[in-house]
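Undergrad: predicted model, plus sequence, below.
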Amino acid sequence: MLALFFLAFIFTQPAFAQDSLEQINFDTVEDINQRKEKVQQELYVESQKLKWAKEFAQKIEKEDIEKSGTFKAFIKRGTILLPLDNSKKYILPKDIYAVLFRMQDKEGYQYILGKSGKVSYKVKAIEISNIEVITDLNKRPHYYTPVEVKREKPFYDDDVNYWLETSIITGLAISNVTRDLVGKEDSSFARSFKLEMAPYFDLNFPVYLGLSFQWESMTMSLDGGKAKQEMLTAGPTLQTRSFDTFGTPLIFVSSVRFSLYGHISQRQTDFSRDLKIHATAFELGLMKEKKLDVGTLTYGLHYQREWLRAKAEDTSLDIKSQNTFNDILGLSLGWKWL
């Protein structure tokens, strides 16, 4: 009986295995395998991207560190140095002095700058001693800017600031009194040319004080000749500090001068004479400065009124009461010698 049961089991087993294989869907298995391979490929790609991102971030970090500047430091014996290429670590056999970059990386390491100018090792920041302050005691600290001390100058200061100004002033003169002296009856206009030299001093006043010297030449055309007036005048002058007017810095100048020498020479076809003159001149000017690499250029507009007294052969000349002065309007171009 037992043998018959064993034979029946043997003959029925292949039919059971065949039915089990027929129930498996091999298409589903293949699809699972393909999805598994796809997932593995995606994981590999993501891992490569992550690796590239880490390398790129480290590269940027290293560039930032190298731009942070360097300092001198002391590293004691036995300190562990880690190579950047992840090779075998190095233990210092003796104390050393080294140059390191100031900025630390994200793990708290600072990079050592080798003699060749390359970075090969890094060290923990807590293992180094900054000696920059000790070695640079002879250098002025870059983080300290002394406060500018403004010294109030006394009324009189032996160390006075001064400069010299020279100018050329050309313009047109309404020479009423000169016209009467030379007997000109039509136009009273004449050409004016002046040279000025004036030293100025800063005496801690609201204005600069100086002394003006001017050589003036005035030429007038006559029938059959010409007349020429020449004078050397000197006197005190003042100049204001620069002030803004209409959005531009200007300087106001004023002077009162007295003649040291003066004469009028009249030359005509059948007549000539020389007149000695004495003059008092008052001048106003408005000037502007332009600073250049080699000095300071000045230019401006000037107005002058001069009162004349004349003598010929020790005899005073009769001048009309309403014509006792000349007016001169001119443009100046000068140089400030500091």
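TA: Sure thing, it's come through. Numbers count the residues shown, from 1 in each chain.

Undergrad: mean confidence for stretch 243-250?
TA: Confidence for stretch 243-250, expressed as mean pLDDT, is 83.

Undergrad: what's the span of that stretch, first residue to last?
TA: Stretch 243-250 has an end-to-end distance of 5 Å (criterion: C-alpha to C-alpha, to the nearest Å).

Undergrad: and that stretch, how far out from the chain middle?
TA: 21 Å (C-alpha atoms, centre = their mean, to the nearest Å).

Undergrad: who's in contact with it?
TA: Outside stretch 243-250, the residues that touch it by C-beta atoms under 8 Å, 6 or more residues apart in numbering are 242, 251-252, 286-289. Where C-beta positions appear, they are placed from N, C-alpha and C, glycine not excepted.

Undergrad: what sits against Ser212?
TA: Ser212 neighbours (C-beta under 8 Å, 6+ apart): 196-198, 233-237, 255, 257.

Undergrad: among the contacts of stretch 243-250, which lie within strands?
TA: 251-252, 286-289 (DSSP state E).

Undergrad: okay, these in TSV with distance to Lys38 and neighbour count next?
TA: Formatted as TSV, the ones in strands among the contacts of stretch 243-250 follow (distance: C-beta to C-beta, whole Å; neighbours: other C-beta atoms under 10 Å):
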residue	distance to Lys38	neighbour count
Ile251	86	17
Phe252	89	17
Leu286	88	14
Met287	87	20
Lys288	82	15
Glu289	81	16
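
Undergrad: torsion angles phi and psi at the residue most central in space within the chain?
TA: Taking C-alpha atoms, centre = their mean, the centroid of the chain lies closest to Asp293, which sits 13.2 Å from it. For Asp293, the backbone dihedrals (degrees, to the nearest 10) come out as phi -70, psi -30.

Undergrad: one more: Asp64?
TA: phi -60, psi -40.

Undergrad: those strands in the stretch 101-250 of the chain, which residues are they?
TA: 109-113, 119-124, 128-130, 161-174, 189-202, 207-222, 225-240, 243-245, 248-268 (DSSP state E, counting those that start in this stretch).

Undergrad: least trustworthy helix or strand in the protein by mean pLDDT?
TA: Here the helix or strand of the chain ranked lowest by mean pLDDT, DSSP states H and E is strand 315-316, holding a mean of 48.

Undergrad: show me what secondary structure element comes after that strand.
TA: Counting by DSSP states H and E, the next helix or strand C-terminal to strand 315-316 is strand 325-337.

Undergrad: buried ones in that next one, by neighbour count?
TA: 325-326, 328, 330, 332, 334, 336 (16 or more other C-beta atoms under 10 Å).

Undergrad: note down every partner strand of it and its orientation.
TA: With DSSP bridges as the test, strand 325-337 is paired with strand 161-174 (antiparallel), strand 295-312 (antiparallel).

Undergrad: mean pLDDT lowest for which of the ones you listed?
TA: When I compare the strands paired with strand 325-337, strand 295-312 is least confident, with a mean of 89.

Undergrad: how far does that one sit from the chain's center?
TA: That offset, for strand 295-312, works out to 38 Å (C-alpha atoms, centre = their mean).

Undergrad: and the angle for that strand with strand 225-240?
TA: 130 degrees (axes from the mean of the first three to the mean of the last three C-alpha atoms, to 10 degrees).

Undergrad: C-alpha coordinates for stretch 207-219, PDB please?
TA: Only the C-alpha atoms of stretch 207-219 are listed here, as PDB (Å, rounded to 0.1, in the frame of the first residue of the first chain):
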ATOM      1  CA  VAL A 207      40.500 137.600   3.800                       C
ATOM      2  CA  TYR A 208      44.000 137.300   2.400                       C
ATOM      3  CA  LEU A 209      46.100 140.500   2.400                       C
ATOM      4  CA  GLY A 210      48.700 141.400  -0.200                       C
ATOM      5  CA  LEU A 211      50.500 144.200  -2.000                       C
ATOM      6  CA  SER A 212      49.700 144.800  -5.700                       C
ATOM      7  CA  PHE A 213      52.200 146.200  -8.200                       C
ATOM      8  CA  GLN A 214      50.800 147.100 -11.700                       C
ATOM      9  CA  TRP A 215      52.300 148.400 -14.900                       C
ATOM     10  CA  GLU A 216      49.700 149.900 -17.100                       C
ATOM     11  CA  SER A 217      49.900 151.000 -20.700                       C
ATOM     12  CA  MET A 218      47.000 152.700 -22.500                       C
ATOM     13  CA  THR A 219      47.200 153.600 -26.200                       C
END
